[in-house]
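A.B. asks: I would like the atomic coordinates for the input below:
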Amino acid sequence: MKLKNIIIIFGLTLLIFSCAENPFTGKKTMALVPNSQLFPTAFAQYDQFLNENKVITGTKDAAMITRVGQRIAVAAERWLNANGHQGYLKDYKWEYNLVNDKTVNAWCMPGGKIVFYTGILPIAKSETGIAAIMGHEVAHALANHGQQRMSAAYIQQGVALAGNIAIKDEKTRNDFNQYYGIGSQVGIMLPFSRSHETEADKIGLYLMAVAGYNPTEAAELWKRMKANSGGQAPPEILSTHPSNDSRIANLKALAPQAIEEAKKFGVNSFRPIENL
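C.D. replies: Predicted coordinates for the structure are as follows:
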């Protein structure tokens, strides 16, 4: 079977199982794993993570993470309610924790469970920088990107299994496994992941702006992220994320839209930017 045909089959399968709608983009998305199953699993994993790591409490930085997270969550609910999606967040259980770890990272699990590592604070530089990161990570959860990735992985594995069952000739089957593995990863899964990052950047900008944080600072944050990486990154085509330069350009282009969106919610000025 030719690589082109494999990709076509994979793409059609994704289309068939596109049965949920992302309220922030209006796009149909995959939802093979329902939130009723996904959220409890995520909550349990989050609690286990907290038990196994050093959570920082009672400090100025910890309070800031919670404060920013709550503002972003309120912004999300305001936006969803205003756009006809009341009750979208009813099963979310927001929680915000700062963890003592030098890793430059933050994440939000399905259902609203958030962790910031202390290692990202110097790059965030300010509360506005924290809001840019928070908005992006929360956006992944709100857009159900985790659910979509799991669904896509199931389909990817299912097509591979079907191919191995259907192809009887060993050499042809080995060729299928080699080309399908590479083709589906580089041609489908990685672009899929990069599109999620771009979606989260846009949604995150809107959220931080509606929460009262200047969205033009998101591009400045990613300039610092780029500097921190030292230019060490795989080619964009082989990465789960857009290149830093692509991301910075996109954030700059989207910031005016986020500012206009915030005005719809009465936000005409933003909180001052003060370094941590």
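A.B. asks: name the residue most distant from the centre of this protein?
C.D. replies: Asp169 (40.8 Å; C-alpha atoms, centre = their mean).
A.B. asks: quick check: the gap between that residue and Leu161.
C.D. replies: From Asp169 over to Leu161 the distance is 17 Å, taken as C-beta to C-beta, to the nearest Å. For the C-beta atoms, the positions are set from N, CA and C on the backbone; glycine is no exception.
A.B. asks: do Met225 as well
C.D. replies: In terms of C-beta to C-beta, Met225 sits 38 Å off from Leu161.
A.B. asks: same question for Ile114.
C.D. replies: From Ile114 to Leu161 the distance is 35 Å (C-beta to C-beta).
A.B. asks: please, where are all the helices along the stretch 1-150 of the chain?
C.D. replies: Assigned by DSSP state H, counting those that start in this stretch, the helices in the stretch 1-150 of the chain fall at 3-16, 35-52, 60-82, 121-124, 127-142, 145-166.
A.B. asks: kindly apply the preceding question to the stretch 151-276 of the chain instead.
C.D. replies: Under DSSP H, counting those that start in this stretch, the stretch 151-276 of the chain gives helices at 170-184, 190-210, 217-229, 244-263.
A.B. asks: tell me the buried residues in the third one?
C.D. replies: Okay, so that is helix 217-229. 217-222, 225-226 (16 or more other C-beta atoms under 10 Å).
A.B. asks: same question, the second one
C.D. replies: Within helix 190-210, the residues that qualify as buried by neighbour count (16+ other C-beta under 10 Å) are 190, 192-194, 196-210.
A.B. asks: which helices and strands does it pack with?
C.D. replies: Applying 3 or more C-beta pairs under 8 Å, 6 or more residues apart in numbering; DSSP states H and E, one finds that helix 190-210 contacts helix 60-82, helix 127-142, helix 145-166, helix 217-229, helix 244-263.
A.B. asks: and those helices, which is most packed in?
C.D. replies: Across the helices and strands packed on helix 190-210, averaging neighbours per residue (mean count of other C-beta atoms under 10 Å) puts helix 127-142 on top, at a mean of 26.
A.B. asks: and that one with helix 217-229, angle?
C.D. replies: Angle between the axes of helix 127-142 and helix 217-229 is 90 degrees (criterion: axes from the mean of the first three to the mean of the last three C-alpha atoms, to 10 degrees).
A.B. asks: centre of the chain to helix 127-142, how far?
C.D. replies: 9 Å (C-alpha atoms, centre = their mean, to the nearest Å).
A.B. asks: so which of the helices of the stretch 151-276 of the chain is nearest Gln70?
C.D. replies: helix 190-210 (12.2 Å; C-beta to C-beta).
A.B. asks: tell me the mean pLDDT over the closest one?
C.D. replies: Helix 190-210 comes out with an average pLDDT of 83.
A.B. asks: same thing with stretch 49-68?
C.D. replies: Per-residue scores along stretch 49-68 average to 97.
A.B. asks: now do the end-to-end distance for that stretch.
C.D. replies: Taking C-alpha to C-alpha, to the nearest Å, stretch 49-68 runs 21 Å from one end to the other.
A.B. asks: list of residues touching it?
C.D. replies: 96-101, 114-116, 118, 121, 127, 130-131, 134, 211, 276 (C-beta atoms under 8 Å, 6 or more residues apart in numbering).
A.B. asks: filter those down to the buried ones, ChimeraX style.
C.D. replies: A single ChimeraX command is used to select the members of the contacts of stretch 49-68 judged buried by 16+ other C-beta under 10 Å:
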select :96,97,98,99,101,114,115,116,118,121,127,130,131,134,211
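A.B. asks: and for the residue nearest to the spatial centre of the chain, nearest residue in space, chain neighbours not counted?
C.D. replies: Central residue of the chain (C-alpha atoms, centre = their mean): His140, 3.0 Å from the mean position. If the residues on either side of it in the chain are set aside, His140 comes closest to Ala200, at 4.9 Å by C-beta to C-beta, 6 or more residues apart in numbering.
A.B. asks: good, wrapping up.
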